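Undergrad: Just need the structure, nothing else, for what follows:
(3 chains)
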Amino acid sequence: MAINWNAFWEWANPRKFMWWTDRALPVIAILAAVIFVIGLVWGFFLTPDDYRQGATVKIFYIHVPSAMMAINIWAMMLVASLIWIVRRHHVSALAAKSAAAIGMTMTLIALITGAVWGKPMWGTYWEWDPRLTSFLILLLFYIGYMALWEAIEDPDTAADLTSALCLVGSVFALLSRYAVLFWNQGLHQGASLSLDAEENVADVYWYPALVAIAGFVLLFVALVLLRTRTEIRARRLHALEMRERVKNA
Amino acid sequence: MSLISVKDLTVSRGGMPVLEGLEFSVSSGEVLVLRGPNGSGKTTLLRTLAGLQPPYAGVVSVDPDTVAYAAHADGVKATLSVAENLAFWAGVYGGQEIAEALLHFNLDALRDRPAGNLSAGQKRRLGLARLMVTGRPVWVLDEPTVSLDAASVALFASAVKAHVAAGGAAVIATHIDLGFEERVFDVGPYKARMDVVRDDFDEAFL
Amino acid sequence: MIRLLWRDITLAFRSGGGFGLGLGFFLILVTLVPFGVGPEGDMLSAIAPGILWVGALLACLLSLDRIFALDFEDGSLDLLTTAPIPLEGVVAVKALAHWITTGLPLVIAAPALGFLLHLESTAYRWMIVTLLIGTPALSFIGSFGAALTVGLKRGGLLMSLLVLPLYIPTLIFGAEVVRRGAGGFLVGTPLAMQAGITLGAVALLPFASAAAIRVALR
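TA: Numbers count the residues shown, from 1 in each chain, chains lettered A, B, ... in the order given. As a prediction, the model looks like this:
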């Protein structure tokens, strides 16, 4: 069956977006809350303590999902920016704008939980380890991106320029990642979850972690929809103001 | 031969249309004078003609390599001398002689003066002299006579006359009478209507 | 294009903004560091490559907002956009002029300042080489940041915020080359990486900058 792509893009029309998110948002939000709580309760109270790390290992259920989200939200912003550049869907640009603040928060959570976890594990809150440093750099990119959005008055100009920054920034973020690896080999353990099953943590930790990740993803979706709705309303206000200004001129 | 023509053109400022349904064309040897109150969208229209911003809707048919644009700001560098400023622009546009332009706008005596020392009117004359060294046929001018005295306005008018007599054309937004009022285009009636919803994403926010 | 290059260089010289200012800043920064970390030669010699690179980077940043902001204010940028030169060319030439008036003097001054910081004698060669290879990237990356903030009233601080993270790879590889050079190790890999970044930035970023300027002028 051929997919009607034009119909797909219609969901990005602001009015239609407002219509369907109005109905979908409560469902997603409740689902996010339930799964989030299940994941964390399961992870915190129903898993054994690690023989080496003790109870500190439990911070893993916040640290790992937030770190994953921090990176994936930037990737989502990149895709949304590309959609804005190519197809000029306003909602896409506004979704990227909405996602940035959430991404920055996730990066901060990952950094802070990492520091809290790092103290008992490595004996230090902060180390210039490649992985930690990369997240710090990612935080700088998020801050710059958000600052540029705030600084530009005209919404379309802001969308264009932040998209350009997101594209160029992505390239340099990747470059920085490799430069940082080159610069210092580091003491952070390998990725906690990878497709290569041998390196993964044991199943008893792995399943609640998956639930926690699903909870974080749903939380992000709910938040980004909510924030995009706010942005659309702000944009509507802006359009009305512009109209008044033109009328009175 | 039409050097510049627009068809059903809508121009926008900050995402909102300000003028719509514009239709006109300017041929070689013609001057089109734009009239309209402040804030009516003349500058927006001229910037669209010069290719600095895309039309909101409709068509602008003009070869961008034929347009010389001049706006409120003259692009004059304070630390360069009058001749250096002009020679730079002449060089950018392919090396025309600057002597004639300097003479025409009475700038010859000032040629070695740093442009920072010029009065507002003299600076303006330098900005207009730049048009003569571009060698481009279509002049798109936004309020060219601001801060010019009567004698300088006459100089400017004669420069435009000589330009169109040589086969050029000009679109000028101005409030004063320059002596080519045979073609006046009042933008007033083209003010974009606000009560229609356009089939556009920006409007879909309303 | 040559004319534009000459004009920008002349302007930088006459207004005294780009040329002397960046160098003076570099000198002051290098003078301040020993006051902060103490006068021990060993310590200074260990941190000299990093200080020189960070100093060069900040000195470069200082004059970046002049690349487009001045031309934007006096209307030249509008006129250059409608001129026969492609805007990408204008951007590239202006970045090149920025490098000649800011980056190149830093390269020349760096050995003298390295002397102040007890830079290892083996490292001088690599200090000059990496700065020579790396500073063009700083100018071209910076021109992108300047283009993004060109229409903004207080764009200077924002531009620093946008540009500095983009400088990280260049800084890491640049300082790494000097550190390795000082220790007598092989410098091929970081040097090649840095050259790659510079070539990529010079080749591609003018397109992004030109697009950003077109949007900002709209």
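
Undergrad: Residue C:87 is in contact with residue C:212, isn't it?
TA: No - using CB atoms under 8 Å, residue C:87 is not in contact with residue C:212, being 10.2 Å away. For glycine as for every other residue, the C-beta is placed from the backbone atoms N, C-alpha and C.

Undergrad: Which of those two has more residues huddled nearby?
TA: residue C:212 (28 against 21; other CB atoms under 10 Å in any protein chain shown).

Undergrad: what's the distance between the more buried one and chain B?
TA: Using CB to the nearest CB, to the nearest Å, residue C:212 is found at 14 Å from chain B.

Undergrad: Next, the contact list for that residue, please.
TA: Going by CB atoms under 8 Å, 6 or more residues apart in numbering or on different chains, residue C:212 touches A:160, A:161, A:164, C:144, C:147, C:148, C:150.

Undergrad: can you tell me the helix or strand for the first one?
TA: For residue A:160, the enclosing helix or strand under DSSP states H and E is helix A:155-183.

Undergrad: And for the fifth one?
TA: When secondary structure is defined using DSSP H and E, the element that contains residue C:147 is helix C:124-148.

Undergrad: Chain neighbours aside, what residue packs nearest to residue C:94?
TA: Spatially, and ignoring its direct neighbours in sequence, residue C:94 is nearest to residue C:67 (5.4 Å; CB to CB, 6 or more residues apart in numbering or on different chains).

Undergrad: buried set for the helix or strand just after the helix holding residue C:147?
TA: Counting by DSSP H and E, the next helix or strand C-terminal to helix C:124-148 is helix C:155-183. Residues C:155-156, C:158-182 are the ones in helix C:155-183 that count as buried (16 or more other CB atoms under 10 Å in any protein chain shown).

Undergrad: wait, does helix C:155-183 contact chain A?
TA: Yes - using CB under 8 Å from any CB of the partner chain, helix C:155-183 reaches chain A at C:155, C:158, C:161, C:162, C:164, C:165, C:166, C:168, C:169, C:172, C:173, C:176.

Undergrad: So what's the residue count around residue B:107?
TA: Per other CB under 10 Å, the neighbour tally for residue B:107 reads 22.

Undergrad: gap between it and residue B:121?
TA: Per CB to CB, to the nearest Å, residue B:107 is found 11 Å from residue B:121.

Undergrad: Same question for residue A:144.
TA: 44 Å.

Undergrad: can you check residue A:207 too?
TA: Distance, residue A:207 to residue B:121, by CB to CB: 80 Å.

Undergrad: need the contact list for the spatially most central residue of chain B.
TA: For chain B, residue B:141 is the residue whose C-alpha lies nearest the centre (CA atoms, centre = their mean; 1.6 Å). Taking CB under 8 Å, 6+ apart, we find residue B:141 in contact with B:46, B:69, B:70, B:131, B:170, B:171, B:172, B:173, B:174.

Undergrad: what ranges of the chain fall below the confidence cut-off?
TA: I went with chain A, as the question did not name one. A:1-8, A:11, A:49-55, A:185-204, A:246-249 (pLDDT under 70).

Undergrad: That was the other one, I meant chain C.
TA: In chain C (pLDDT under 70), the answer is C:16-19.

Undergrad: What helices and strands are in contact with the strand or helix carrying residue B:171?
TA: If you go by DSSP H and E, residue B:171 is part of strand B:169-173. Under the contact definition 3 or more CB pairs under 8 Å, 6 or more residues apart in numbering or on different chains; DSSP states H and E, strand B:169-173 sits against strand B:2-13, strand B:16-27, strand B:31-35, helix B:42-49, strand B:138-142, helix B:150-165.

Undergrad: For the third one, buried residues please.
TA: In this case it means strand B:31-35. Buried, per 16+ other CB under 10 Å, within strand B:31-35: B:31, B:32, B:33, B:34.

Undergrad: count of neighbours near the nearest residue to the third one once chain neighbours are set aside?
TA: With CB to CB, 6+ apart as the measure, residue B:184 is the residue that lies nearest to residue B:33, at 4.9 Å, once sequence neighbours are left out. Residues near residue B:184, counting by other CB under 10 Å, number 11.
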